[in-house]
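> what follows is a predicted structure for the sequence shown.
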Amino acid sequence: MSSTNERQTPASDLAFLAKSQLLTSDEIDRALKRMAHEIVEHNSQFERLRVIGLQSGGVAFAEKVATILSEIVGMTIVPASLDVSFYRDDLGRNPMPKSAATTIDHDLTDQSVVLVDDVLFTGRTIRAALNALSDWGRPNTVQLAVMVDRGHRELPIRADYVGKNLPTSRDEAILATLDGVWIGTREQL
């Protein structure tokens, strides 16, 4: 991705303007495989393991992690997705969030949930996800897997599994996809 390319982000009317690529798709694959092996090391009851991607950035990563986990443990791990739009605490600033589908089709009570997201920044999206999960039961554990942890936490939240720690300034933006990770800025369209 060259520095002149723009990518429309699905969650807003902002365009991402890339400055440089930080991770390639091969590096993403290696990080996801490592994270999946770490998840296996910390969980033993795979029939109770649920991988849930946060809409919209975490869904593709959750699908890939579930595929890798299925290969490792020899049983199918079906990923789900969770929309946290209406659980956010910034509805006053963004009164019309773009919502997406939640595809959880079972009670999460007594399950081990691995929430998957693309980028961990302030922690507010994860707080919203924890609130949204409560509508689906009471899991035994909730673990967090993120492709990129960029710091700047506003809440006491940390990831259990991290693809890459990338300290950034608050003015910078990160775009993480299965194709790679870029650093840049967000600009109004």
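Good, I have the coordinates.
> and for Tyr161, the neighbour number?
Per other CB atoms under 10 Å, the neighbour tally for Tyr161 reads 22. For glycine as for every other residue, the C-beta is placed from the backbone atoms N, C-alpha and C.
> make that Asp149, sorry
Asp149: 21 neighbours (other CB under 10 Å).
> now do the contacts for it.
Asp149 makes contacts with Val119, Leu120, Ala159, Val162, Lys164, Asn165, Leu166, as judged by CB atoms under 8 Å, 6 or more residues apart in numbering.
> next one: phi and psi at it?
Main-chain torsions, Asp149, degrees, to the nearest 10: phi -110, psi 110.
> which single strand of the chain contains the most residues?
strand 14-24 (DSSP state E).
> list the helices and strands it packs on?
strand 6-8, strand 161-165, strand 173-177, strand 180-188 (3 or more CB pairs under 8 Å, 6 or more residues apart in numbering; DSSP states H and E).
> and that strand, how far out from the chain middle?
Remark: strand 14-24 is offset 17 Å from the chain centroid, using CA atoms, centre = their mean, to the nearest Å.
> for the contacts of Asp149, pick the one with the most neighbours.
Counting neighbours by other CB under 10 Å, the top entry in those is Leu120, with 24 neighbours.
> tell me the pLDDT at the residue most central in space within the chain?
Geometric centre of the chain, nearest residue: Asp117, 0.4 Å, by CA atoms, centre = their mean. Looking at Asp117, its pLDDT reads 98.
> that one: what's it in contact with?
Counted by CB under 8 Å, 6+ apart, Asp117 has contacts Gly53, Leu54, Gly57, Gly58, Phe61, Thr125, Ile126, Ala129, Leu144, Ala145, Val146, Met147.
> now with 7 Å?
Leu54, Gly57, Gly58, Thr125, Val146 (CB atoms under 7 Å, 6 or more residues apart in numbering).
> same check, this time on Thr102
Going by CB under 7 Å, 6+ apart, Thr102 touches Ser81, Leu82, Asp83.
> for it, grab phi and psi.
Per degrees, to the nearest 10, the backbone of Thr102 is at phi -100, psi 130.
> in strands only, show me the contacts of Asp117.
Leu54, Val146.
> run the chain-centre distance for the helix or strand following the longest strand of the chain.
Counting by DSSP states H and E, the next helix or strand C-terminal to strand 14-24 is helix 25-42. Relative to the centre of its chain, helix 25-42 is centred 14 Å away, using CA atoms, centre = their mean.
> as CSV, the contacts of Asp117 with neighbour count would be great.
Formatted as CSV, the contacts of Asp117 follow (neighbours: other CB atoms under 10 Å):
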residue, neighbour count
Leu54, 25
Gly57, 22
Gly58, 27
Thr125, 25
Val146, 28
